[in-house]
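A.B. asks: Next comes the sequence, and after it the predicted model I'd like to discuss.
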Amino acid sequence: MTDLARSEARAFLERPAGLPRPCRVVAAIPENYRTRTIVLDTALEARPGQFCMLWLPGLDEKPFSVQSAAPAAFTIAAVGPFSRAVHRLAAGDRIWLRGPFGRPFRRTGRDHLLVGGGYGVAPMLFLAREARARGERVRAVVGAREARDLLLADALREAGAELWLTTEDGSAGLPGRVTDAIAPMLAEDPPDSLYACGPHPMLAALARLAAARGLPAQLSWEAYMRCGIGICGSCEQEGMLLCTDGPVLDQPASV
Amino acid sequence: MSQAAVDLSVEIAGLRLPNPLVLASGILGTHASLMVRCARAGAGAITAKSAGPVPRGGHVNPSCVDFGGGLLNAIGLANPGAEAEVALLAETRAQLAELGVPLIASIFADTVDNFARVAEHISRAAPDLIEVNISCPNVGSEFGEPFAGQPESAAAVTAAVKAATGIPVIVKLAPNVPSIARIARAVVEAGADALCAINTMPGMLIDAESGLPVLQNRSGGLSGPALKPIALNAVYQIARVVQVPIIGTGGVSTGQDAIEMLSAGASAVGIGSAVYADGPDAFGRIAREMREWLVAHGLTLAQVRGRAHRQAKWPEAATPAPVPHAPAAETAPPATPRAGAAS
Ligand SMILES: Cc1cc2nc3c(=O)[nH]c(=O)nc-3n(C[C@H](O)[C@H](O)[C@H](O)COP(=O)(O)OP(=O)(O)OC[C@H]3O[C@@H](n4cnc5c(N)ncnc54)[C@H](O)[C@@H]3O)c2cc1C
Ligand SMILES: Cc1cc2nc3c(=O)[nH]c(=O)nc-3n(C[C@H](O)[C@H](O)[C@H](O)COP(=O)(O)O)c2cc1C
Ligand code: FES
């Protein structure tokens, strides 16, 4: 990490993490067959790439990427006990949150290539909106296994991103993986910087692609988090703490 | 004296530490990479996360929160078990040795025999010191009280560990006991080479809205700034009755906090929750602040140690000046305190 990145990260960390604060769900919007966006009655001072710890008292507390800061929104796939419980919340129900935590994406240049896989699209939508609000170019690639797994494509288009979809089974968009869609872009019309969030194999492939092209890349990784505040060590990845040094890491740090 | 010339090195159980700041157990002690990072950032010694006889997953979240005055945690002694810990310690020790920073292993167990077994096991990794975390519940006692609670159980663990290893042993004491000095004396008589005081203090936070405790485990251990006065008192009381070195731990987040801990009688200073405030860089900052303080006050580390135990001496007035209208108790002290006035 550069000194500048470190001091930026520090500025975020200096905000007190505090205790979980209660919020109410104002809307629970289905996104696909197993993913919902919950919108809360609160606003966050958050940047794209940061995450919050969401708590259901007596059940569990888990990290989720901020999809929108004002109002606060999170896009959540139902894959296990906690995420399924969040899916059962309706407008008016309560959920607690602490944060935001972690090091955000930092836009470099004015021509951005965003890549999202699975619910990794959520922070990419936040980043796309931020960049488009400043009149910057955004190309977004959303990858999924099949058409029904695609997420937030319409929202990205509405945000003003040039959009490419890929599915592994070819049921929507380009057949194949996100890297198949990106390789020609990098050759013909390279962006200033690459940003991505999604499954680790996807991130590793993107890291190799970016490194081969000498393209700056910021990748958002995931690990099991306990404290979320840089003290317990459970989110270690190659000497970095994904909750405070990350989740967004500069690409060479993690290849 | 220039700050660079200030010698911060200290000795614990025959071991030289480049400075007195010790990474406390349970903070970033889960991976070699993180422990090495703390050493590079300026820690004088590194304590690994406590390891027990078998792997443990730890408690469900929330397991660590910042309540403003410090942290409350119930990580639940998550650890890979003694077997895997040997490899972690060996790898870490090899990397720390290059930096001249000693490694302290930390162990816990549910019975006296298991303490001995874990100590013997992890000695294979040849850590420089072994810290014995006796704050965990004793399954043999009727109420599952911690070993740290009674002089007899604390001493029994110490003696068993001493018999199981040739590596010097630090016993880590708990603050929630009627007389920590009594426990300290018992474990030193049982062979402890050094003490670490203190572990976290039991605490609870309740979310008024849900009416439930914030930690999923309900209770947790309090650390950070709110713990400092309790830790200072514990170290002070212990230093009065034992001669072995003490790693004073609890709420130290600045160089001045560290100076206070040494003044209470500690030989070294544990740093835990302060890592939350500014990451591993906390070590470099606190060491720098200690040097600045020592230079500004013209004192050495040795002169600071135990300073709080001395009697204050004030110059006596040659002729007591009569003060007609103010009662004596309300008059100002005869002189502004000077650096070193109380030494
Ligand atoms: C920084 C960070 C940001 C995150 N952001 C989001 C987010 O924006 N949206 C979101 O939904 N989750 C996000 N997660 C993941 C989230 O924290 C939980 O891990 C997830 O909700 C599963 O928790 P659970 O208790 O429901 O299921 P668990 O019991 O933990 O998992 C059930 C099973 O599902 C598997 N599994 C976990 N995730 C997936 C997945 N995506 N697809 C398929 N299988 C999976 C697990 O390996 C496990 O086998 C994020 C995690 C981190 C570290
Ligand atoms: C998250 C966390 C985990 C801890 N885990 C352990 C542990 O495994 N073993 C142990 O002996 N002490 C453990 N402790 C206690 C610390 O080592 C230390 O004694 C205590 O936090 C007081 O110091 P501090 O105020 O500088 O944090 C833990 C503390 C925290 C905050
Ligand atoms: S989750 Fe505890 S250090 Fe990152």
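C.D. replies: Thanks, I have the structure now. Ligands and ions are numbered 1, 2, ... in the order given.
A.B. asks: show me what contacts residue A:34?
C.D. replies: Contact partners of residue A:34, counting by CB atoms under 8 Å, 6 or more residues apart in numbering or on different chains, are A:77-79. For glycine as for every other residue, the C-beta is placed from the backbone atoms N, C-alpha and C.
A.B. asks: neighbour-wise, which of the residues you listed leads?
C.D. replies: Within the contacts of residue A:34, most neighbours by other CB atoms under 10 Å in any protein chain shown means residue A:77, with 20 neighbours.
A.B. asks: Could you pull up phi and psi at that one?
C.D. replies: phi -90, psi 130 (degrees, to the nearest 10).
A.B. asks: Okay, and the beta partners of it?
C.D. replies: residue A:35 (DSSP bridges).
A.B. asks: Over to residue A:54?
C.D. replies: residue A:62, residue A:97.
A.B. asks: Distance of it relative to residue A:73?
C.D. replies: Distance, residue A:54 to residue A:73, by CB to CB, to the nearest Å: 12 Å.
A.B. asks: Residue A:172: neighbour count?
C.D. replies: Neighbour tally, residue A:172, other CB under 10 Å: 17.
A.B. asks: That one is in contact with residue A:150, isn't it?
C.D. replies: Yes - counting by CB atoms under 8 Å, residue A:172 touches residue A:150, with 6.1 Å between them.
A.B. asks: Report the set of residues contacting both of these two.
C.D. replies: With CB under 8 Å, 6+ apart as the test, residue A:172 and residue A:150 both reach A:144, A:165.
A.B. asks: Chain neighbours aside, what residue packs nearest to the closest residue to ligand 2 within the stretch 151-300 of chain B?
C.D. replies: With CB to the nearest ligand atom as the measure, residue B:272 is the residue of the stretch 151-300 of chain B nearest to ligand 2, at 2.6 Å. Take residue B:272 and drop its neighbours on the chain: the residue closest to it by CB to CB, 6 or more residues apart in numbering or on different chains is residue B:24, 3.5 Å away.
A.B. asks: Now for the one you found: which residues touch it?
C.D. replies: Neighbours of residue B:24 in contact, by CB under 8 Å, 6+ apart: B:47, B:249, B:270-272.
A.B. asks: can you list the residues of the stretch 151-300 of chain B near ligand 2?
C.D. replies: By the rule CB under 6 Å from any ligand atom, the part of the stretch 151-300 of chain B lying against ligand 2 is B:172, B:199-200, B:223-224, B:227, B:249-252, B:270-274.
A.B. asks: In strands, which of those residues fall?
C.D. replies: Under the assignment DSSP state E, those contribute B:172, B:223, B:249, B:270-271 to strands.
A.B. asks: any chance of the residues you listed in JSON lines, plus neighbour count and pLDDT?
C.D. replies: Below are these laid out as JSON lines (neighbours: other CB atoms under 10 Å in any protein chain shown; pLDDT from 0 to 100):
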{"residue": "B:172", "neighbour count": "28", "pLDDT": "98"}
{"residue": "B:223", "neighbour count": "30", "pLDDT": "96"}
{"residue": "B:249", "neighbour count": "29", "pLDDT": "98"}
{"residue": "B:270", "neighbour count": "31", "pLDDT": "98"}
{"residue": "B:271", "neighbour count": "25", "pLDDT": "98"}
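A.B. asks: Make a markdown table out of those and add distance to chain A.
C.D. replies: As requested, these are exported to a markdown table (distance: CB to the nearest CB, whole Å):
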| residue | distance to chain A |
| --- | --- |
| B:172 | 18 |
| B:223 | 9 |
| B:249 | 15 |
| B:270 | 14 |
| B:271 | 11 |
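A.B. asks: which residues in the chain form helices?
C.D. replies: Here I'm looking at chain A. A:3-13, A:81-87, A:121-133, A:153-158, A:178-188, A:200-213 (DSSP state H).
A.B. asks: think we crossed wires, I meant chain B
C.D. replies: According to DSSP H, the helices that chain B contains are B:32-40, B:81-99, B:112-122, B:151-164, B:180-189, B:228-239, B:255-263, B:274-278, B:282-297, B:301-304.
A.B. asks: what residues are up against residue B:195?
C.D. replies: Per CB under 8 Å, 6+ apart, neighbours of residue B:195: B:170-173, B:184, B:187-188, B:238, B:242, B:244-247.
A.B. asks: of all the residues you listed, which comes closest to residue B:124?
C.D. replies: Relative to residue B:124, the closest of these is residue B:170; by CB to CB it sits at 18.6 Å.
A.B. asks: what sits opposite the closest one in the beta ladder?
C.D. replies: Assigned bridge partners for residue B:170, using DSSP bridges, are residue B:131, residue B:194.
A.B. asks: my read: residue A:144 touches residue A:169, true?
C.D. replies: No - taking contacts as CB under 8 Å, residue A:144 lies outside contact range of residue A:169: 9.4 Å.
A.B. asks: Who has more neighbours out of these two?
C.D. replies: Taking other CB under 10 Å, residue A:144 and residue A:169 do not tie; residue A:144 has more neighbours (26 against 12).
A.B. asks: The least confident helix or strand in chain B by mean pLDDT near chain A at all?
C.D. replies: One helix or strand of chain B scores below all others by mean pLDDT, DSSP states H and E: helix B:274-278, with a mean of 90. Yes - contact between helix B:274-278 and chain A is present through B:275-276, B:278 (criterion: CB under 8 Å from any CB of the partner chain).
A.B. asks: for the residue of the stretch 51-200 of chain A found nearest ligand 1, phi and psi?
C.D. replies: Proximity to ligand 1, evaluated over the stretch 51-200 of chain A using CB to the nearest ligand atom, is greatest for residue A:80 at 1.8 Å. Reported as degrees, to the nearest 10, the phi and psi values for residue A:80 are phi -160, psi -170.
A.B. asks: what does the stretch 101-250 of chain B have sitting close to chain A?
C.D. replies: Selection of the stretch 101-250 of chain B residues close to chain A by CB under 8 Å from any CB yields B:205, B:207, B:209-210, B:212, B:214, B:216.
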